[in-house]
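Undergrad: Please work out how this folds:
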Amino acid sequence: MSDVQVITSRDVPLGGPRAMTVRRTLPQRARSLIGAWCFADHYGPDDVAHTGGMDVPPHPHTGLQTVSWLFSGEIEHRDTTGAHEIVRPGELNLMTGGSGVAHSEVSTPDCGTLHGVQLWTALPESARHAPRSFVHHVPEVLQLDGATARVLLGTLAGHTSPVPTHSPLLGAELVLEPSATVVLDVSPDFEHGVLVDEGPVVFGDVELARAELGYLPPGSAQLSTRNPGDRPARVMLLGGEPFREPVVMWWNFIGRTHEEIAGYRAEWEAGSARFGQVEGYGGEVQHLPAPPLPTVRMKARMNPPAPGDPSAWG
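TA: The predicted structure follows:
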C-alpha cells in the first residue's frame, strides 16, 4: 500500500459580493494540516472578462500567515500594516496576522487570466500574538535536473528563502519538464504535500490529477515527482514538522478555543482597533460581515494519527 494519501479538492465560493469559486484541499476531514500549512485554495485559470475576477472586501485574520502566489494575473493587496502591493506571478506576498490584521484583495484592471493559490500557515503560540507585518519577496528561479524551482519558504535544493517563518516549513513551486523525474532531498522530520496545478503528476507511486493534493507522512529523506505527460507540469510543494498545537479554525480566524474565536468575531463586528482600517479599497462594502457563529461549540482540529504517533495534533 502506498504511503501517499490523496486529498481531492472541493469547490468553495470565495466570500464577498462578487464571489469566485476556488478549489479547496486544506482543511478537510481527512487532513487538517501539513506541518503548519492549514489552508490551501487553488483557483483558475479564469478569464476575468467572463468571471468578474476577484473582489474580496476588507476582512480580518488572526493567528496565521497568508501566502499569496500567482501563476498568471494580478491582484491588488491592501492591508492594515499599510502595505499596498500588486501581487504578480512568481512573487511571494506573505502577510502575518498575528494578533490581528485586515486586508482586501482585488484583481486589477490589467488582469486578463487569474490563476494561483492562496495558502495559510498556522502560527505557533510563540508568534500568534505578534504584531501584524507584511513581506514581499521575489524568489530566484533554480535550475534543477528536469525541473525549475522557486523556493518561497524554507530550504530546498541547497537554497534557503530569506523570508522568516515561525515554525519549520517548506514552500516551493516546481515546474517539471515533460517525461522528467525529479528526486529531491528533504527533511525526514517533515510531512509533505504536493498540490497539482498542471498535471497529472506521479508523487511517489501515486498519480495525482489537477487540483489534487498528495500527502506523505514524516520519515522520507527524499521525494520523487514524475511528469508522465508531454507538456510541463506544475506543483506546489508544501512541508513542515507536524504542528503539535491545537488549532481552532473558523472563517478567517485561527485561535485555540471557541471563546477566543467568538471574541475575535465580536471585535471585528465592533470595528475594534485590533484589526485596523484598510485604506484605499474602492468597493462598496468596506467591512466584510462575519457569518453567524456555529450553534455548537467549536473544537480543535486534529489530523488522523501519524504512524507511531497517536497523539499528534493537526
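Undergrad: Output the below-cut-off pLDDT ranges for the stretch 101-250 of the chain.
TA: Scanning the stretch 101-250 of the chain for pLDDT under 70 picks out nothing.
Undergrad: ok, the closest residue to residue 146 other than its chain neighbours - how many residues close by?
TA: In space, and not counting its chain neighbours, residue 146 is closest to residue 180: 3.2 Å by CB to CB, 6 or more residues apart in numbering. Placement of C-beta: from N, CA and C, glycine included. By other CB atoms under 10 Å, 17 other residues sit near residue 180.
Undergrad: thought residue 180 was touching residue 226?
TA: Yes: if you go by CB atoms under 8 Å, residue 180 and residue 226 touch, sitting 7.2 Å apart.
Undergrad: Number of residues surrounding residue 127?
TA: Counted with other CB under 10 Å, residue 127 comes out at 16.
Undergrad: for it, what are its contacts?
TA: The contact partners of residue 127, taken as CB atoms under 8 Å, 6 or more residues apart in numbering, are 96, 98, 166.
Undergrad: In terms of helices and strands, where is it?
TA: Using DSSP states H and E, residue 127 falls within no helix or strand.
Undergrad: coming back round to it: need the contacts of residue 127 in CSV (columns: neighbour count, distance to residue 56 and secondary structure).
TA: Formatted as CSV, these follow (neighbours: other CB atoms under 10 Å; distance: CB to CB, whole Å; DSSP: H, G, I helix; E, B strand; the rest coil):
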residue, neighbour count, distance to residue 56, secondary structure
96, 24, 18, strand
98, 20, 20, coil
166, 18, 25, coil
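Undergrad: Return the member of the residues you listed nearest to residue 63.
TA: Nearest to residue 63 among these is residue 98, at 7.5 Å by CB to CB.
Undergrad: wouldn't the closest one be in contact with residue 126 here?
TA: No: with contact defined as CB under 8 Å, residue 98 does not reach residue 126; the gap is 11.2 Å.
Undergrad: Number of residues surrounding the nearest residue to residue 98 once chain neighbours are set aside?
TA: Spatial nearest neighbour of residue 98, excluding adjacent residues (CB to CB, 6+ apart): residue 130 at 4.0 Å. Applying other CB under 10 Å, we find 14 residues neighbouring residue 130.
Undergrad: could I get the contacts of residue 127 as TSV with distance to residue 148?
TA: Output for the contacts of residue 127, formatted as TSV (distance: CB to CB, whole Å):
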residue	distance to residue 148
96	28
98	33
166	28
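Undergrad: Which secondary structure elements does the helix or strand that contains residue 85 sit against?
TA: In the assignment (DSSP H and E), residue 85 maps to strand 84-87. Secondary-structure packing of strand 84-87 (3 or more CB pairs under 8 Å, 6 or more residues apart in numbering; DSSP states H and E): strand 75-79.
Undergrad: Report the separation between the residue nearest the centre of the chain and residue 280.
TA: In the chain, the C-alpha nearest the mean C-alpha coordinate belongs to residue 119, at 1.0 Å (CA atoms, centre = their mean). Residue 119 sits 25 Å away from residue 280 when distances are taken as CB to CB, to the nearest Å.
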